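Participant: Sharing a model that was predicted from the sequence below.
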Amino acid sequence: MRRLAIPLTAALLAASCGTSAHVDSTRVAPEEQIGFSLVLRLPGSARLTGAVRAAGRRPVSPTAFGRRFGLPTRELRRLERELAHDGLRIRARYPQRTQLDVIANAATVERLFRTRLVRRTAGDGRPYRTTVRPPQVPHALTRWLSGVAGLDTRAAPHALAVPAGGLRPTDAARAYGVEPLWRQGIRGNGETIAFISFAAARDDDLAQFNRLMGVAPTELQRVAVAGGSDDVETPLAEEAALDVQVAHGIAPGARLVSYETTYAFGSFAVDVASIVNRIVADREARSISISYGISDVRRLAGAPWLRDTDRLLAERAFQAAVLAGVTVFVAAGDHGAYDCQAFDTADRRLCVSWPADSPNVVAVGGTLLRTTVDGAYREERAWLDFLEDRGGGGGVNPHDARPGWQTRAEQQAGRGRRQVPDVAAAADPDTGYAIVFGGELAKLGGTSAAAPLWAGIATLLHEAAMRDGRRLGFLAPGLYRAAAVDPRSFHDVTRGSNRHYDSAPGWDFATGLGSPRAWRLARTITRLAPDL
């Protein structure tokens, strides 16, 4: 995973951003244009909690979500008039009515939100913008706004790349029970997979991957968010190639849409919120893959990397996705139970990654996969590499309660909180996935490979259910129900550890429910789903 979040899957956060920032700072020029987001109040937030718990019975469209839980139209119009009067211009609206993306000059931002914008330099030399004190919503706007997000642009570290070699699509398909679905013609046809990317995947790399791997040719559709990204060379671009190629190899009939932006724009959580809202509003994808994350407890220069308002903004976007029947698969991280080490190798605290630990997503952990000579599944162990201090992410969310659907999680060690991962798949670089990057074959591992693998499998599950006249919706509850009804829907990984938690029969902190037996899982989860 890329630690930022790629941190954790392919370990996007390969580069450490350091543990502190230089004290020196300079004032942001008053005329500089600042893009950020406003967190809208949800008058129906109490009803929303219950609706999310009951998700899956009937999809809720983004527009219906906004009408049921958001501000009334007349109040939104009043807010927009007030914002215009205060000097803010609206860049993007979303039918979910959870946020407004706006822009204003720095002087206006400082005056309106009673803060000061400064530029500083992180310990690794990277510049960023931040506020000297948390922004405050003016009293006159509190009836409409819950907070301000995205004014802080400090970057989280990126994950490390891995050596060459790896699983080809047919290898992964054989090991994880995808081949029986392919033989039935279930290849993701009619489905769309969306990717959140902080770089751009090369078209020629995807075309070469298809030729070398014998995968059906396809075109990658790109959606530029906040100007898009022209990065095709860094580890972030390598991550983008990995995500697209792994998912396409498993679901070659699915449409691929990459929502691309530059990580330097705004904060990570705000970018994620905007992109998820955009994907849900587009109403095309039912599976989203995220190979990025940030530590849920780390602080830099005294401020949390994940601010409360940023988290709130993103969680509302995830909730709207849940009610729309969209599942977000997130890499759980590549430093085992100590994800803070993606940013500081000396940090020995038990630590999980956000958004993998969100109660509104499916967190994907990592394994070491072993196959027989003919490529059939042999065994898996939790991914553990003591020499490199790496492993599949897992542990306890420090903030959110355990969702009701997480019925098989560890009750005592979990302390009533959300626990990760939910599922797992091959992630150890010793297994690796064969991809093409920069015109060359490469082998990449990390949970950022396992997440798009699961996103690809999810499209097959949706297609299989549609054939049977069923609707799956948000998949997390169905995955846990399937494991309870037919445990053989998963490979139960019972060996290995993630540097702290041991694998065990049933759900565990190292590999969750286990890895997929796709054909059996499709049969079980479809049987449990409601009719269309």
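Facilitator: Received, thanks.

Participant: I'd like to know how many residues surround residue 401.
Facilitator: By other CB atoms under 10 Å, the residues close to residue 401 number 12. From N, CA and C alone the C-beta is placed, and that goes for glycine too.

Participant: and it, bridged to which residues?
Facilitator: In this entry, residue 401 is beta-bridged to residue 417, by DSSP bridges.

Participant: what does residue 119 give?
Facilitator: Taking DSSP bridges as the rule, residue 119 bridges to residue 26, residue 129.

Participant: hang on, it packs against residue 129?
Facilitator: Yes - counting by CB atoms under 8 Å, residue 119 does reach residue 129; the two are 5.5 Å apart.

Participant: between those two, which one's more packed in?
Facilitator: Taking other CB under 10 Å, residue 119 and residue 129 do not tie; residue 129 has more neighbours (19 against 16).

Participant: Against residue 53, how distant is that one?
Facilitator: 38 Å (CB to CB, to the nearest Å).

Participant: Residue ranges in the stretch 351-500 of the chain under the pLDDT threshold?
Facilitator: Filtered on pLDDT under 70, the stretch 351-500 of the chain yields the residue ranges 411-412.

Participant: which other helices and strands contact the top helix by length along the chain?
Facilitator: Taking DSSP state H as the criterion, the chain has its longest helix at helix 447-467. Here helix 447-467 touches strand 192-197, helix 235-250, strand 287-290, strand 327-331, strand 362-371, strand 423-426, helix 518-528, going by 3 or more CB pairs under 8 Å, 6 or more residues apart in numbering; DSSP states H and E.

Participant: mind listing what the fourth one pairs with, with the direction of each?
Facilitator: Sheet pairing of strand 327-331 (DSSP bridges) gives strand 287-290 (parallel), strand 362-371 (parallel).

Participant: For the last one, list every residue counted as buried.
Facilitator: If I follow you right, that is strand 362-371. 362-369, 371 (16 or more other CB atoms under 10 Å).

Participant: Kindly report the same for stretch 513-528.
Facilitator: Applying a neighbour-count criterion of 16+ other CB under 10 Å, one finds 513-526, 528 buried in stretch 513-528.

Participant: next one: stretch 72-88
Facilitator: Going by 16+ other CB under 10 Å, stretch 72-88 has these buried residues: 75-76, 79-80, 82-83, 86, 88.

Participant: now stretch 473-488
Facilitator: For stretch 473-488, burial by neighbour count (16+ other CB under 10 Å) applies to 473-483, 486.

Participant: now those residues as TSV including distance to residue 285?
Facilitator: Shown next, in TSV, are the buried residues of stretch 473-488 (distance: CB to CB, whole Å):
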residue	distance to residue 285
473	14
474	13
475	13
476	16
477	19
478	18
479	18
480	22
481	23
482	22
483	25
486	28
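
Participant: With secondary structure and distance to residue 270 added, can I get those residues in JSON lines?
Facilitator: Converted to JSON lines, the buried residues of stretch 473-488 look like this (DSSP: H, G, I helix; E, B strand; the rest coil; distance: CB to CB, whole Å):
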{"residue": "473", "secondary structure": "coil", "distance to residue 270": "27"}
{"residue": "474", "secondary structure": "coil", "distance to residue 270": "23"}
{"residue": "475", "secondary structure": "helix", "distance to residue 270": "26"}
{"residue": "476", "secondary structure": "helix", "distance to residue 270": "24"}
{"residue": "477", "secondary structure": "helix", "distance to residue 270": "28"}
{"residue": "478", "secondary structure": "helix", "distance to residue 270": "30"}
{"residue": "479", "secondary structure": "helix", "distance to residue 270": "29"}
{"residue": "480", "secondary structure": "helix", "distance to residue 270": "30"}
{"residue": "481", "secondary structure": "helix", "distance to residue 270": "34"}
{"residue": "482", "secondary structure": "helix", "distance to residue 270": "34"}
{"residue": "483", "secondary structure": "helix", "distance to residue 270": "34"}
{"residue": "486", "secondary structure": "coil", "distance to residue 270": "40"}
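
Participant: So which of those is the closest to residue 322?
Facilitator: Set against residue 322, the nearest of the buried residues of stretch 473-488 by CB to CB is residue 474 (4.5 Å).

Participant: What helices and strands are in contact with the helix or strand containing residue 396?
Facilitator: Element membership for residue 396, per DSSP states H and E: strand 395-401. Contacts defined by 3+ CB pairs under 8 Å, 6+ apart place strand 395-401 against strand 417-420.

Participant: Pull the residues that contact the strand it packs on.
Facilitator: Contacts to strand 417-420, defined as CB atoms under 8 Å, 6 or more residues apart in numbering, come from residues 332, 352, 356-359, 363, 365, 393-403, 406, 409-410, 509, 512.

Participant: That strand: how far from the chain's middle?
Facilitator: Offset of strand 417-420 from its chain centre (CA atoms, centre = their mean, to the nearest Å): 16 Å.

Participant: where does residue 509 fall, phi/psi-wise?
Facilitator: With angles defined as degrees, to the nearest 10, residue 509 sits at phi -70, psi -10.

Participant: Skipping adjacent residues, who's closest to it in space?
Facilitator: Of all residues not flanking residue 509 in the chain, residue 501 sits nearest, at 3.6 Å (CB to CB, 6 or more residues apart in numbering).

Participant: Check residue 86 too.
Facilitator: Of all residues not flanking residue 86 in the chain, residue 112 sits nearest, at 5.5 Å (CB to CB, 6+ apart).

Participant: can you count the residues close to the one you found?
Facilitator: The burial count for residue 112: 19, using other CB under 10 Å.

Participant: so where is the stretch 201-350 of the chain shaky, pLDDT-wise?
Facilitator: Residues of the stretch 201-350 of the chain that meet the criterion pLDDT under 70 lie in 264-266, 298-304.

Participant: where along it do the helices fall?
Facilitator: With DSSP state H, counting those that start in this stretch as the criterion, the stretch 201-350 of the chain has helices at 203-213, 235-250, 268-282, 308-323.

Participant: now the first one and helix 235-250, what's the angle there?
Facilitator: Comparing the axes of helix 203-213 and helix 235-250 via axes from the mean of the first three to the mean of the last three CA atoms, to 10 degrees yields an angle of 40 degrees.

Participant: can you check the third one too?
Facilitator: Calculated by the same axes, to 10 degrees, helix 268-282 forms an angle of 30 degrees with helix 235-250.

Participant: Thank you kindly, that will do.
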